[in-house]
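**Student:** here you go, sequence then predicted model.
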Amino acid sequence: MWKEVLQDKQETRTEEDKQEKFERLALKRMDRALNILDLIANLSTSRYHCKEEQATAITSELKKKVNYIESLFCRRIVLNDKKELKKHDR
């Protein structure tokens, strides 16, 4: 019995550590990503000249990447929910 309690506490601590790490990394990476996106947006100013095909190619690639990232997060959320259900079934 005591081993199960300790294992549960270890799993909880690991999950908290994972959450803290996620938050720390997400803040840094989102800040960096948004700054880079601002730089890409600057390419649309009057200081530069781009063709419609170039602008379409850039925005198309960005949309594809955002859709891909969104699908990864959706998948992770589903897997996390399944993991939580299994944990409560014990």
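**Tutor:** Here it is on my side, so go on.
**Student:** contacts and neighbour counts: CA atoms only from here.
**Tutor:** OK.
**Student:** by contact count, what packs against whichever helix in the chain runs longest?
**Tutor:** What stands out as the longest helix in the chain, according to DSSP state H, is helix 2-42. If contacts are counted by 3 or more Cα pairs under 8 Å, 6 or more residues apart in numbering; DSSP states H and E, helix 2-42 sits against no helix or strand.
**Student:** roughly how far is that helix from the heart of the chain?
**Tutor:** 9 Å (Cα atoms, centre = their mean, to the nearest Å).
**Student:** what do you get for stretch 64-80?
**Tutor:** That offset, for stretch 64-80, works out to 8 Å (Cα atoms, centre = their mean).
**Student:** CA atoms only: put it into CSV for me.
**Tutor:** Output in CSV follows, covering the C-alpha atoms of stretch 64-80 (Å, rounded to 0.1, in the frame of the first residue of the first chain):
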residue,chain,number,x,y,z
LYS,A,64,0.2,25.0,-42.8
LYS,A,65,2.6,25.1,-39.9
VAL,A,66,0.0,26.6,-37.6
ASN,A,67,-2.5,23.9,-38.6
TYR,A,68,0.1,21.2,-38.0
ILE,A,69,1.0,22.6,-34.5
GLU,A,70,-2.7,22.8,-33.7
SER,A,71,-3.2,19.1,-34.6
LEU,A,72,-0.3,18.1,-32.4
PHE,A,73,-1.8,20.0,-29.4
CYS,A,74,-5.2,18.5,-30.0
ARG,A,75,-3.7,15.0,-30.1
ARG,A,76,-1.7,15.6,-26.9
ILE,A,77,-4.9,16.9,-25.1
VAL,A,78,-6.7,13.7,-26.1
LEU,A,79,-3.9,11.5,-25.0
ASN,A,80,-3.6,13.4,-21.7
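**Student:** run through this structure and note the low-pLDDT ranges.
**Tutor:** For the chain, the stretches with pLDDT under 70 are 1-12, 90.
**Student:** brilliant, that's me finished.
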